[in-house]
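**Q** next come a sequence and a model predicted from it.
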Amino acid sequence: MTFYTIGYGGRPPAEFVRLLTGTGVRTVADVRLRPDRSSMGSYKYTGKPGTGIEKLLADAGIGYASLPELGNLFLGFDNSLTRYAAFIERTADLLVGRLLELPQPFCLLCAEKRADECHRKAIVDYLVTRGHEARHL
């Protein structure tokens, strides 16, 4: 399985949607711990399908799933990415179940534009070691 990853930081909504539709992504898997706290309205999860990120994606024919169980619990720590990677090493078998059931191809979403600076890299690394292929948008 090939899956994608994207960060919305600094991206205008039109560019964000163009990247997703250009790859045929069917579902965005939001791995932010608190997607309701986005400072950019287009990317905020409101729980109301006609608003925020759900509307942005639905208008492009893309599904949305909020997976806060894959969010970074260690935000605020100086070594949050290291802590999160250790956490995923120990718990990913339990946490990725909903992710792998999503319509494919899916795309992991977080705020950080660069995957290497985001906790989603640990999720990617886990899935890649299990035979999946990742592409960063």
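**A** Okay, I see it.

**Q** for residue 39, grab phi and psi.
**A** For residue 39, the backbone dihedrals are phi -80, psi -10 (criterion: degrees, to the nearest 10).

**Q** that one: what's it in contact with?
**A** Residues near residue 39 by Cβ atoms under 8 Å, 6 or more residues apart in numbering: none. For glycine as for every other residue, the C-beta is placed from the backbone atoms N, C-alpha and C.

**Q** any idea how far residue 8 is from it?
**A** Distance, residue 39 to residue 8, using Cβ to Cβ, to the nearest Å: 11 Å.

**Q** what of residue 99?
**A** From residue 99 to residue 8 the distance is 18 Å (Cβ to Cβ).

**Q** comparing these two, which shows the higher neighbour count?
**A** residue 8 (24 against 20; other Cβ atoms under 10 Å).

**Q** center of the protein, which residue is that?
**A** Central residue of the chain (Cα atoms, centre = their mean): residue 109, 2.1 Å from the mean position.

**Q** in three-state terms, label that one for me.
**A** Under DSSP: H, G, I helix; E, B strand; the rest coil, residue 109 falls in the strand class.

**Q** with just CA atoms, put stretch 29-45 into CSV.
**A** Extracted C-alpha coordinates of stretch 29-45, given in CSV (Å, rounded to 0.1, in the frame of the first residue of the first chain):
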residue,chain,number,x,y,z
ALA,A,29,-6.3,11.0,8.3
ASP,A,30,-5.9,14.0,10.6
VAL,A,31,-3.3,12.9,13.2
ARG,A,32,-3.3,16.2,15.2
LEU,A,33,-4.0,15.8,18.9
ARG,A,34,-6.3,18.8,18.9
PRO,A,35,-7.5,19.6,15.4
ASP,A,36,-10.1,21.9,16.9
ARG,A,37,-7.4,24.3,17.9
SER,A,38,-6.1,25.1,14.4
SER,A,39,-5.3,28.8,14.0
MET,A,40,-6.1,28.6,10.3
GLY,A,41,-9.9,28.3,9.9
SER,A,42,-9.8,26.2,6.7
TYR,A,43,-7.9,23.5,8.5
LYS,A,44,-9.9,23.6,11.8
TYR,A,45,-12.0,20.5,12.7
